[in-house]
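Asker: Here is my input, please return the structure:
(one chain, ligands or ions: 1)
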Amino acid sequence: MSVRDTTILDRKDLRYLLIDSLRLYSDNVAFIDGNNPYRFSINKKTYYVLIKNVHESGDGRGNQDECRIQVAKTQNFNDALNSGNDVIVLGYFADEKVFTAWNPFMMRDRFNQKQTISLYSRFSVQKLAKTQKIAAYRDNNGQSVISFIPDYLGLYLESLNSIHLLKDEELMKLVEQSDNLNNDNADGEFDTTEGILTITHARQKRDPNFRRKVYDAYNNKCAMCGIGLELIEAAHIVPHSHDLGTDEIDNGISLCALHHTAYDRSLIYFDEQLEILINESKMEYLEKVGLDSGIRKFEKLAFDKIQLPENHTLRPNIGNIKIANQTRGIFNE
Ligand SMILES: [Zn+2]
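Answerer: Predicted structure coming up:
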């Protein structure tokens, strides 16, 4: 058996991986709750996603190319299965940075029936997916097990009803259509139906008055670090894509470009006492995947507390702060 030097991501890491991957596809992503399976919404539709690291199949199966995930019986599944939302099982292979998905409609009846179920694919298919973006392995029953790069996790979810029925060349075409939609249109909304495929990329329209109100209330300075310099942006506390993500001043805060992105990526946040906190579990995840360059410099770049407008009616609503941290996958763990 070959030994692979594989980065093993733990549960929390995999949750950040899911959020970051979905954001490659849509701005409109929110983490809701759950503990593997996790509940997410993308473009207002809700899914449960169970995610596991992909492993070699273990001794005795004789095929070096075979890999698998194992899904143990768990109470966590019952809420998901009873919710009426789609429940998806994903494998992640860190060596190639590729997801693998098994047809959720074929598996509904298998979950929780045995102590552990094993789901198989092939390392070679994951390698292929890395180079050509998407690839499928067909098992003994002719079922497609689809591997794809993280950019297409959102596309996979939105195409769930038909994607496992597609032939290889149709899968390639689906990815190509999605890329074309992204390239053709930097803004606006799309809803394209071609044959059995539907691709929706939704973006929100912004209220220009929101920006002005926020800039004025915060004196054109970042509430986390104090930088102005025309680097500030009007950030939504509850994201604009969320039902409660209003353009009211109590859902806004002025942040510099760095802190705005860092806030939306869950690197930094503020709690209900208005303390500014580094999200350590996200930082640990970024260290594991080798994206932690500049971390010390970044950590030094914020006040202890958020700097707020003196006028209390212009300050963030505490309830919004709570929802905001949840949708960004931040918990006080
Ligand atoms: Zn700042």
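Asker: switch to C-alpha atoms for all contacts and neighbour counts from now on
Answerer: Will do.
Asker: would you put the C-alpha positions of stretch 147-163 in PDB?
Answerer: The C-alpha trace of stretch 147-163 is given here as PDB (Å, rounded to 0.1, in the frame of the first residue of the first chain):
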ATOM      1  CA  SER A 147     -15.400  14.700  -8.700                       C
ATOM      2  CA  PHE A 148     -14.900  18.400  -9.200                       C
ATOM      3  CA  ILE A 149     -12.700  21.300  -8.100                       C
ATOM      4  CA  PRO A 150     -14.100  23.600  -5.300                       C
ATOM      5  CA  ASP A 151     -15.200  26.300  -7.800                       C
ATOM      6  CA  TYR A 152     -18.100  24.100  -8.900                       C
ATOM      7  CA  LEU A 153     -19.600  23.000  -5.500                       C
ATOM      8  CA  GLY A 154     -22.300  25.600  -5.900                       C
ATOM      9  CA  LEU A 155     -23.000  24.500  -9.500                       C
ATOM     10  CA  TYR A 156     -23.200  20.900  -8.300                       C
ATOM     11  CA  LEU A 157     -25.800  21.800  -5.700                       C
ATOM     12  CA  GLU A 158     -27.900  23.900  -8.000                       C
ATOM     13  CA  SER A 159     -27.800  21.100 -10.600                       C
ATOM     14  CA  LEU A 160     -28.400  18.300  -8.100                       C
ATOM     15  CA  ASN A 161     -31.700  17.000  -9.700                       C
ATOM     16  CA  SER A 162     -30.000  16.000 -12.900                       C
ATOM     17  CA  ILE A 163     -26.300  16.100 -12.600                       C
END
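Asker: Give me the distance from it to the chain's centre.
Answerer: 13 Å (C-alpha atoms, centre = their mean, to the nearest Å).
Asker: quick one: average pLDDT of that stretch?
Answerer: Averaged across stretch 147-163, the pLDDT comes to 94.
Asker: List the buried residues for that stretch?
Answerer: Residues of stretch 147-163 classed as buried under the neighbour-count rule (16 or more other C-alpha atoms under 10 Å) are 147-161, 163.
Asker: Go through these and flag which are in helices.
Answerer: 153, 154, 155, 156, 157, 158, 160, 161, 163 (DSSP state H).
Asker: Now the two most distant members of these.
Answerer: 153 and 161 (14.1 Å; C-alpha to C-alpha).
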